[in-house]
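A.B. asks: When you get a sec, could you give me coordinates for this:
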Amino acid sequence: VQFVESGGGLAQAGGSLRLSCAASGFTFRIYAMTWFRQVPGKERELVASISSTGGITNYADSVKGRFTVSRDNAENTLYLQMNSLKPEDTAVYYCQAWDSIEAVLIAPPLGSWGRGTQVTVSS
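C.D. replies: Model (predicted):
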C-alpha cells in the first residue's frame with residue numbers, strides 16, 4: 001500500500017490549491033478515502049472523507065464550504081480542492097484509506113502514512 005501526495009505549495013490567503021493523492025498496492029475503488037493534516041506539535045486532524053463510490057462526503061467544520069474532496073477510481077487518485085484558503089490551513093496534508101467511511105478513526109487505517117504534501121498559506 002502506498003500513498004503519494006502532491007500539489008501543495010505556497011498560496012496567499014483567499015487563494016486555491018488542488019491536492020492529489022496517487023494510491024497503489026490495493027483495490028482503490030472499494031475503500032473509503034480521507035485527507036488529514038498535521039502541524040508540528042499537534043495531532044493529525046481529519047479534514048475530509050469520501051466513500052468508495054464518492055457518493056458520501058464528510059468535512060471537518062473548519063473546512064466545510066471551502067474544501068471539496070473527490071476521487072477518480074479509474075485513475076486510483078484522490079483529490080482535495082481547497083478554496084478560500086486561510087493561514088490556519090497551513091499544514092502537511094496526508095491521504096489514507098479505510099475499510100469504509102464508517103470505519104474512519106474507529107478501525108485501523110489500511111496502510112502506513114505517506115510523506116504528505118506541505119501547504120503554506122500566507123496572510
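
A.B. asks: and the gap between Arg66 and Leu110?
C.D. replies: Separation of Arg66 from Leu110 (C-beta to C-beta, to the nearest Å): 27 Å. No exception for glycine: its C-beta is placed from N, CA and C like everyone else's.

A.B. asks: Between those two, which has more neighbouring residues?
C.D. replies: Using other C-beta atoms under 10 Å as the criterion, Arg66 and Leu110 rank with Leu110 on top: 18 against 15.

A.B. asks: Contact partners for the closest residue to Phe26 other than its chain neighbours?
C.D. replies: In space, Phe26 comes closest to Val1 once its chain neighbours are excluded; the distance is 5.1 Å by C-beta to C-beta, 6 or more residues apart in numbering. Contacts of Val1 were listed using C-beta atoms under 8 Å, 6 or more residues apart in numbering, and they are 23-26, 97, 110-112.

A.B. asks: For those, please prepare TSV with the additional fields pLDDT, secondary structure and distance to Ala91.
C.D. replies: Putting the contacts of Val1 into TSV (pLDDT from 0 to 100; DSSP: H, G, I helix; E, B strand; the rest coil; distance: C-beta to C-beta, whole Å) gives the following:
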residue	pLDDT	secondary structure	distance to Ala91
Ala23	98	strand	20
Ser24	97	strand	24
Gly25	97	coil	25
Phe26	98	coil	25
Ala97	98	strand	20
Leu110	96	coil	22
Gly111	94	coil	20
Ser112	95	coil	19
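
A.B. asks: Mind giving me the ChimeraX select for these, buried ones only?
C.D. replies: The following ChimeraX line selects those of these that are buried, judged by 16 or more other C-beta atoms under 10 Å:
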select :23,97,110,111
